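A.B. asks: Sequence plus predicted model, see below.
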Amino acid sequence: MRTIASLPTVFIIALLLFGCKKENDLQIQQGTFKGTFTVAYESGTHTGQTTVELKDGRYSCLANVNRIPAGGSGKYSFDKKSITFNDENTWTLEFDGGLILNGQYNYTFDGKSLKIDKTNEVGTYTYDLKIQ
């Protein structure tokens, strides 16, 4: 009798443990994401509006005149831990190359909001985006 009575408890525990999806359990949707880009240097923080489009394994990031962000386009891929952008453009680097959406980033995605960030020896680069 005890075994039958404990089955609902086991079921509820299993539901709580396995029923909720973590942010990175969701596959990043294709589409257009709009939001802000922020770069934080030791000397200060700079922010600009941007749009990132993800479609069929390709991406494009709109640049601002002040290069916050500088933009970028090419191929992308992701797994549960990181997203990698492979920019295919030629750049003259009289500015911080980290402003180009290129390389490996950490990310979180909850079905609506996509946050992409990386840190290098120059600064921290963060894209805070929402799907449109």
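C.D. replies: Received the coordinates, thanks.
A.B. asks: Pop out the phi and psi values for the spatially most central residue of the chain.
C.D. replies: The chain has Ile116 as the residue nearest its centroid, 2.9 Å off, counting by Cα atoms, centre = their mean. When read as degrees, to the nearest 10, the backbone of Ile116 gives phi -120, psi 130.
A.B. asks: got the end-to-end distance for stretch 67-80?
C.D. replies: Start-to-end span of stretch 67-80 (Cα to Cα, to the nearest Å) is 29 Å.
A.B. asks: Check which residues of it are buried.
C.D. replies: Across stretch 67-80, burial judged by 16 or more other Cβ atoms under 10 Å covers Arg67, Ile68, Pro69, Ala70, Gly71, Gly72, Ser73, Gly74, Tyr76, Phe78. (Each C-beta comes from the backbone N, C-alpha and C, glycine too.)
A.B. asks: Counting only strands, which of the residues you listed make the cut?
C.D. replies: The strands, defined by DSSP state E, take in Gly72, Ser73, Gly74, Tyr76, Phe78 from those.
A.B. asks: Roughly how far does the residue nearest to the last one when sequence neighbours are not counted sit from Phe95?
C.D. replies: Of all residues beyond its chain neighbours, the one nearest Phe78 is Ile28 (5.8 Å), with distances taken as Cβ to Cβ, 6 or more residues apart in numbering. When distances are taken as Cβ to Cβ, to the nearest Å, Ile28 and Phe95 turn out to be 28 Å apart.
A.B. asks: more crowded one of the two?
C.D. replies: Remark: of Ile28 and Phe95, Ile28 carries more neighbours, 17 against 13, as counted by other Cβ atoms under 10 Å.
A.B. asks: thinking again about what came up before, check the ones in strands among the buried residues of stretch 67-80 and tell me the two furthest apart.
C.D. replies: Largest separation among those by Cβ to Cβ: Ser73 and Phe78, giving 16.5 Å.
A.B. asks: What is the least confident helix or strand in the chain?
C.D. replies: helix 2-18 (a mean of 46; mean pLDDT, DSSP states H and E).
A.B. asks: where does the chain dip in pLDDT?
C.D. replies: 1-25 (pLDDT under 70).
A.B. asks: what do you get if the cut-off is 90, keeping everything else the same?
C.D. replies: Scanning the chain with the threshold set as pLDDT under 90 gives 1-27, 93-94.
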